[in-house]
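1. Next input, structure requested:
(chains A, B, C and D)
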Protein chains: 2
Amino acid sequence: MDIGVAPRGVFQSRAAAQVFTALLSRGPMSRVDLARHIGLSQAAITRAVRPLLDDRYVAEVPAQPDRDARDNLIGRPALALRVRAERAAFIGVKITEDEVFAVLTDLRAEISATRHAPLPARDAGAVLPVVATVTEELRGHLGRNQGRLRALGVSVSGDTDPVTGFVRSSSFLGWHDVPLAYLVQTATGVPTTLDNDVRALTVAEQMFGAGAGASSFVLVTVGAGIGCGIVVHDRVIAGAHGVAGELGHIPIMPEDGPQCGCGNRGCLEAIASDHAILRDVRRVTGDEGMTLGRCLALAHQGNTEVRAVYARAGHAIGLGIAAVANLVGPSRIILSGEGLAAYDLLEGQIRQVFAEHVFGAAADCELIVRPLPFDEWARGAAAIAIQRTMTSAA
Amino acid sequence: MDIGVAPRGVFQSRAAAQVFTALLSRGPMSRVDLARHIGLSQAAITRAVRPLLDDRYVAEVPAQPDRDARDNLIGRPALALRVRAERAAFIGVKITEDEVFAVLTDLRAEISATRHAPLPARDAGAVLPVVATVTEELRGHLGRNQGRLRALGVSVSGDTDPVTGFVRSSSFLGWHDVPLAYLVQTATGVPTTLDNDVRALTVAEQMFGAGAGASSFVLVTVGAGIGCGIVVHDRVIAGAHGVAGELGHIPIMPEDGPQCGCGNRGCLEAIASDHAILRDVRRVTGDEGMTLGRCLALAHQGNTEVRAVYARAGHAIGLGIAAVANLVGPSRIILSGEGLAAYDLLEGQIRQVFAEHVFGAAADCELIVRPLPFDEWARGAAAIAIQRTMTSAA
DNA sequence: GTTACTTTCTTGACATTCGCAAGAAAGTGC
DNA sequence: GCACTTTCTTGCGAATGTCAAGAAAGTAAC
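-> A predicted model of the protein is given here:
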C-alpha cells in the first residue's frame, strides 16, 4: 500500500529524488532525457533540478560528444547533469564469520579506501570495537574536498530487519536478536543502516552495477553459501516473512544428495558451496588436509575426479538458476561469487545445464558472469546506506 | 517506469479508482476505514467517493453490526460503502483444447450464468463461432436490472500478449501469433481483453479470492498442466520476456525422471500432471485402457502401486512449491487444480514434503487448498476484463 | 428531554505539483 | 546577419491532496 507515499530522502520533492536516482544509476543526462526517462514534462524537470544544483548535489557539464549521429549538432546544445559524487561520503561494512571488510565510498558508491580486519571472536562484543576501529581509520582518509561522512551501512548474512536494525538470526555468526544498527551507530557515531548481505549486494548491482536499468533481474552469489537476490517490479523481493531468495536451499537432489546444514538432503548449497566442494574433493582424494586452493590447482592440472566434483557443482547451479528463471522470468541473471577462481571450472556446466532446462522465452534472459570480491560486498552495504539516506522516506 | 501514471480506468480520479478497488476486494467499508487503508485523508475520500455514488458504482449501506466491541456504539455511526455489483456485467471465456467455458458475471465477478460448449476443432476458425454463440446465449441471460455488458475476457494457456491481444504461441491449441482479442471482439461485438489462463486465475484470486489482501502470494494449479501465478509487490509477475511462473518445468528429477513434452527429463509436469499420472498408472497396472477416473478409484480402493504413483506426484509438487516458497517467500500459497478429485491422495505428501524443504521463516506461509473447477477459470478471464476495464489506464 | 461527548463525514482555504504553451537561449548552416 | 532547430525557462491554470473547523448523528448520563 505504498501508493502515494513519496520517497524523498534528503530532497525537497519527489521529482528531485527521482531525478537524482536516475542520474545516479544511468549516468549524466540532459534535462530532456530525464523528462523522457522519468515520464515528467521538461518544465517539471527544470524545477526539480534547481534545488539539486543549488545544494550542489548535481552539476552541469558542457555535453557529451555523443559520437554517433551528427543530428545532435543542430539545435541548442544540451547541458548534461551529473551527480557530484564527492558531495557526500559513506562507509560500508560487511561482517563475515572471521573478518570485517569496510570501504569508504562516494555518492556513486565508488570505493576510495578499504580496510580489512580479522575478528578475534564472533560475538557482538568482539565485533563492535573492530567496526569502530576500521570506521575511524577510514574517516581519516576523508579529504577536505570529499564531503562529510553521511551514513554507514552494515551487512551480515542471515535474517535481518532493516526497519528496526535488528539481526533476527544469523547462523554464520551465531547471533539472535542483536540490535546491530543501534550498536554500531553508538559505537561509531555515524547514522547506521543494516541489511542482509545478499540484499545489499543486489541493491548495489541495481543502482550501480549490471542490474542498472533492468526492472527485473536476479543476482546469484556462489561461495561459502549460495545466495540469491531477486529484483522484480524494480524492487528487491523481501519475502512476506523476511525470507526470500533462498536459492541455496531449494532441493536439487532431495533423494540421494549430500546432507545440508539445514537438515535436508540435496540442497543446492550442500552440493555447490565452497564447503561442499571441499568435502567432496577430500572424499575423492582421501586427503583430509585438502584446501580450496589445492582443489582448484588439482582441477586445473586435469585431475578427473576433482573436475567431476566441480562439474557436479556447476550442474547443480545450472539447475538452480534455471528454476529461478522459469519462475520469475528475469531479464538478466548475474552470476557472482566470493571465490571467483573456480569460475572457469563451473561456467561451462552452468551455461549448458541452464540452457537445457530454461523454458521457452525465459531463455532470452542474459547470463552475466561478474566476479564480485569481498570489497564489493562492503560496497553493497554502502549502497544500502546511500539508498536509504538519499532516496527513501525515513 | 510507471511511477506517476495514474491507472484510473473509467473513473475520473486516481483516488476514485483506489477506493473502488479497495471496496471490490476488501468488501464494504466506511470512509474512515478507506482513508486508513488507502493512506489518504478522510477529506480526500469524501471527495473521491462522491462521483462513485453519483454514477451509482457504489451505495451507502446503514452499517455492519460489528459484533465484537461496543466501542463502536459511541460516536456517529459509520456509513459503509459497498460496490453495486449489478452495475455492470462481464463475460469470461476460457478456451481449452476441446471445450469452451464461459460465464456471465457482475462487477464482483460473481457468476450468474454459465455455458459449456465442445470444440469441433482447435483452429481459430472453428473456435470463434463457438465463442460467439455462447456469448450470445449468456447475453440473453442479462436481466434488465443487471447493467449492460461492459467487456469480455478470454484466456488460453500459453504465451499471450495482453497489450496487443495476440496469442504468441499456445502448444495445447497449436496456435501461433493469433490476434485472438481482435477476432473475438469483431465476432461478438464486445470489447475484449486477452490474457494467459493462469495469470487470469491469479488475478481473480488476488481481487476476489484467497489472495485478497496479500501483497504477495502464489497460486499453483495442478491438472492437465502445472501452472503457477506469482504475485509480488501487489502485482502478478509477468516475466521480462513474457514467461514466468513456469513451475511445471522446473527440474525435479533431471537425472532419471520421465521425459517431458518440453524435451527435458524430470520436469514437475512430467511427474505430477494428470497425463503423467495416467501414464504411470498404466505402466504399473499394465492396463492401456486406464482412465483418470479409474486411477482414482483404484487408489481409493487401496491399490498400493497406484497410491505410490500419487505419492510420487505429491512428493514432486511438495518439492516444487518449497522451491517457490524459498525463492519468493510469499505470504500464502494457494493450491488448486482442474481435477480436484485427487486432492485427498496428494495433499498429505505435498504438505509433508513442503514442510521438510521450506527454509526458515518461509515456512510461516499459509498453504491453502482450494479446488477451482473450470468455471472458476472462466471467472478468471472475467476478472481480467474487470480489472482492465475498471482500474487500468488504457 | 436536555446536555455532554464521541466519532464520522463535509467543506472551505491553502499548498503542492504538474502540464501546457509561449518564449528565451544557444547553438549550426548559409 | 538571418533562418532554423533544439533545449531550457517561466507564467498560468488545473488537479489533487492536507489541514482544520464545523456540521451531523448517534450514545450516555442526568
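2. C-alpha from now on. contacts and neighbour counts both.
-> Noted.
3. Let me see the contact set for residue A:382.
-> Residue A:382 makes contact with A:90, A:91, A:92, A:93, A:103, A:105, A:109, A:152, A:153, A:154, according to CA atoms under 8 Å, 6 or more residues apart in numbering or on different chains.
4. With distance to DNA strand D and pLDDT as added columns, please give those in TSV.
-> Converted to TSV, the contacts of residue A:382 look like this (distance: CA to the nearest atom of the strand, whole Å; pLDDT from 0 to 100):
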residue	distance to DNA strand D	pLDDT
A:90	30	97
A:91	33	98
A:92	34	98
A:93	37	98
A:103	35	97
A:105	29	97
A:109	26	96
A:152	31	98
A:153	31	98
A:154	33	97
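5. Show me what from the stretch 151-300 of chain A comes close to DNA strand C.
-> Within the stretch 151-300 of chain A, no position lies close to DNA strand C (CA under 7 Å from any atom of the strand).
6. Give me the distance from the helix or strand hosting residue A:335 to the chain's centre.
-> Secondary structure assignment for residue A:335, by DSSP states H and E: strand A:332-337. Put simply, strand A:332-337 sits 10 Å off its chain's centre (CA atoms, centre = their mean, to the nearest Å).
7. ok, now stretch A:380-394?
-> 13 Å.
8. in it, what counts as buried?
-> Under the neighbour-count criterion of 16 or more other CA atoms under 10 Å in any protein chain shown, stretch A:380-394 has A:380-392 buried.
9. Let me see the mean pLDDT of it.
-> Rounded to a whole number, the mean pLDDT of stretch A:380-394 is 86.
10. pull the CA atoms of that stretch into PDB?
-> Taking Å, rounded to 0.1, in the frame of the first residue of the first chain, the C-alpha atoms of stretch A:380-394 are listed here in PDB:
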ATOM      1  CA  GLY A 380      26.800  -3.200  -1.200                       C
ATOM      2  CA  ALA A 381      26.400  -2.200   2.400                       C
ATOM      3  CA  ALA A 382      27.400   1.300   1.400                       C
ATOM      4  CA  ALA A 383      24.800   1.300  -1.400                       C
ATOM      5  CA  ILE A 384      22.100   0.400   1.100                       C
ATOM      6  CA  ALA A 385      23.200   3.400   3.200                       C
ATOM      7  CA  ILE A 386      23.200   5.600   0.100                       C
ATOM      8  CA  GLN A 387      19.800   4.400  -1.000                       C
ATOM      9  CA  ARG A 388      18.300   4.800   2.500                       C
ATOM     10  CA  THR A 389      19.800   8.200   3.100                       C
ATOM     11  CA  MET A 390      19.300   9.800  -0.300                       C
ATOM     12  CA  THR A 391      16.100   8.300  -1.800                       C
ATOM     13  CA  SER A 392      14.000   6.800   1.000                       C
ATOM     14  CA  ALA A 393      11.400   8.400   3.200                       C
ATOM     15  CA  ALA A 394      12.500   8.000   6.800                       C
END
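11. Whether it contacts DNA strand C - can you check?
-> No: against DNA strand C, stretch A:380-394 shows no contacts by CA under 7 Å from any atom of the strand, the least distance being 12.8 Å.
12. Is the residue nearest in space to the middle of chain A part of a helix or strand, or is it coil?
-> Closest to where the C-alpha atoms of chain A average out (CA atoms, centre = their mean) is residue A:201, at 1.1 Å. Put simply, residue A:201 is helix when judged by DSSP: H, G, I helix; E, B strand; the rest coil.
13. Once you drop chain neighbours, what's closest to it?
-> Excluding the flanking residues, the one nearest residue A:201 by CA to CA, 6 or more residues apart in numbering or on different chains is residue A:380, at 4.3 Å.
14. Run through the residues that contact the one you found.
-> Residue A:380 is in contact with A:92, A:197, A:200, A:201, A:202, A:203, A:204, A:205, counting by CA under 8 Å, 6+ apart.
15. Can you select the buried ones among those for me in ChimeraX?
-> Buried residues within the contacts of residue A:380, by 16+ other CA under 10 Å, are selected in ChimeraX with:
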select /A:92,197,200,201,202,203,204,205
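16. Can you tell me which residues in the stretch 101-250 of chain A are near chain B?
-> By CA under 8 Å from any CA of the partner chain, the residues of the stretch 101-250 of chain A that approach chain B are A:216, A:232-233, A:237-247, A:249-250.
17. Going along the chain, name the helices of the stretch 151-300 of chain A.
-> Taking DSSP state H, counting those that start in this stretch, the helices of the stretch 151-300 of chain A run over residues A:180-188, A:197-208, A:268-272, A:274-285, A:292-301.
18. right, and those helices - which one's nearest residue A:46?
-> Smallest distance to residue A:46 across the helices of the stretch 151-300 of chain A (CA to CA): 23.4 Å, for helix A:197-208.
19. Could you list the low-pLDDT ranges of chain A?
-> A:1-9, A:64-72, A:338-341, A:393-394 (pLDDT under 70).
20. Any idea how many residues pack against whatever residue of the stretch 151-300 of chain A ends up closest to DNA strand D?
-> Taking CA to the nearest atom of the strand, DNA strand D has its nearest neighbour within the stretch 151-300 of chain A at residue A:213, 20.8 Å off. Per other CA atoms under 10 Å in any protein chain shown, the neighbour tally for residue A:213 reads 15.
21. Make sure it is actually in contact with residue A:26.
-> Yes: contact criterion CA atoms under 8 Å: residue A:213 and residue A:26 qualify, at 7.3 Å.
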